[in-house]
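*Asks:* structure of the sequence below:
(one chain, ligands or ions: 1)
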Amino acid sequence: MSVFEELHKQIERCQDCALGKYRTRAVPGEGLENAEIMFIGEAPGWNEDQQGLPFVGAAGQFLTSLLASIGLNRNQVYIANVIKCRPPGNRDPLPGEIQVCSKYLDKQIELIKPKMIVTLGRYSMARYFPNETIGKIHGTAKQKDNITYFAMYHPAAALHQANLKSTIEADMLKIPPLLAKLRDASKAVPAQEEKLLAKMEDKKLIDSKPAPAQIEKPAAPAKEQEISEKPVAPQKEEETVTKAEEQKLPENKTIPPRDEKPAIIIEEQALEPKQLNLF
Ligand code: SF4
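*Replies:* Here you go, the predicted structure:
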């Protein structure tokens with residue numbers, strides 16, 4: 001059994017809110033498990049409760065004809081509701097019921113990974129367009145977390161207010177161009193990623209070539225290494241090295257006067273700072 005089927009079984013057994021007691025059948029959802037587009041309504045009605053399927057009454061028939069108007073059928077999309085069990089007497093779902101049931105819809109979205117979610121009606125809209133009104137934002141879209149949300153009236157609204165039918169039909173026709181843009185955008189992303197990877201590969205090749213200085217630079221004399229690793233103030237350095245030289249001098253050699261700089265100091269000064277820093 002797939003994760004998706006297991007989720008549906010879980011919904012069918014669920015008694016996490018009071019609606020579990022009243023339903024005939026739970027209505028998990030129906031359609032393509034990797035659909036590009038999901039339609040989310042409010043709650044099952046009487047017909048849905050009897051059959052365990054979403055949007056199978058008069059409103060469902062209108063939704064099917066709306067899908068056909070944009071060249072889609074029910075098997076090419078996924079259809080679900082915010083609430084999986086019918087509230088008694090078709091009353092509005094309570095906030096607590098919506099809250100408890102939201103885990104199932106969230107999981108369905110996580111598994112399906114749709115490009116677009118079409119909200120049908122107020123309760124579905126409220127999840128993704130908080131503090132908005134359906135009369136104001138129907139037919140508009142917004143993008144969040146890689147999903148485009150598109151708000152529409154519930155198809156049942158056209159059954160109660162005939163003048164909304166043409167509005168709903170017009171809103172539905174906005175979906176194909178939006179979906180086409182999303183498809184183009186998802187094609188463009190892999191191309192950009194490939195370019196980026198190619199750039200990174202080029203950079204790696206360049207970085208992996210040894211720097212000429214590292215190959216050609218001979219090993220530094222021990223004295224230079226000591227000087228560069230343990231820098232001292234110039235005056236002290238002179239004194240330290242001069243003392244060392246004095247100790248090394250054979251007894252028959254005269255010690256140079258203090259104002260004459262010993263050869264090793266001259267060599268040290270002759271070294272460019274850049275060269276010293278290489279070791
Ligand atoms: S409405 Fe949701 S939470 Fe309540 S019983 Fe049905 S499936 Fe469970």
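
*Asks:* pLDDT below threshold where in the protein?
*Replies:* 189-193, 203-279 (pLDDT under 70).

*Asks:* what sits against the residue most central in space within it?
*Replies:* Centroid-nearest residue in the chain, with Cα atoms, centre = their mean: residue 145, separated by 6.4 Å. If a contact means Cβ atoms under 8 Å, 6 or more residues apart in numbering, then residue 145 has no contacts. All C-beta spots, glycine's among them, are computed from the backbone N, C-alpha and C.

*Asks:* can you list the domains in the chain?
*Replies:* Per automatic domain parsing, the domain ranges recorded for the chain read 3-184, 214-277.

*Asks:* do you know how far residue 104 is from residue 159?
*Replies:* 27 Å (Cβ to Cβ, to the nearest Å).

*Asks:* likewise for residue 178?
*Replies:* 26 Å.

*Asks:* sorry, back to before: go through the domains of the chain and name the closest to the ligand.
*Replies:* domain 3-184 (3.2 Å; Cβ to the nearest ligand atom).

*Asks:* which non-adjacent residue is nearest residue 122?
*Replies:* residue 134 (5.4 Å; Cβ to Cβ, 6 or more residues apart in numbering).

*Asks:* contacting residues around the one you found?
*Replies:* 121-122, 125, 151, 153 are the contacts of residue 134 under Cβ under 8 Å, 6+ apart.

*Asks:* ok, now with 7 Å
*Replies:* 122, 125, 151, 153 (Cβ atoms under 7 Å, 6 or more residues apart in numbering).

*Asks:* which of these fall in helices?
*Replies:* Mapping those onto helices (DSSP state H) picks out 122, 125.

*Asks:* let's have the contacts of residue 134 in a markdown table, adding distance to residue 40 and neighbour count.
*Replies:* Converted to a markdown table, those look like this (distance: Cβ to Cβ, whole Å; neighbours: other Cβ atoms under 10 Å):
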| residue | distance to residue 40 | neighbour count |
| --- | --- | --- |
| 122 | 12 | 18 |
| 125 | 9 | 25 |
| 151 | 11 | 25 |
| 153 | 13 | 22 |
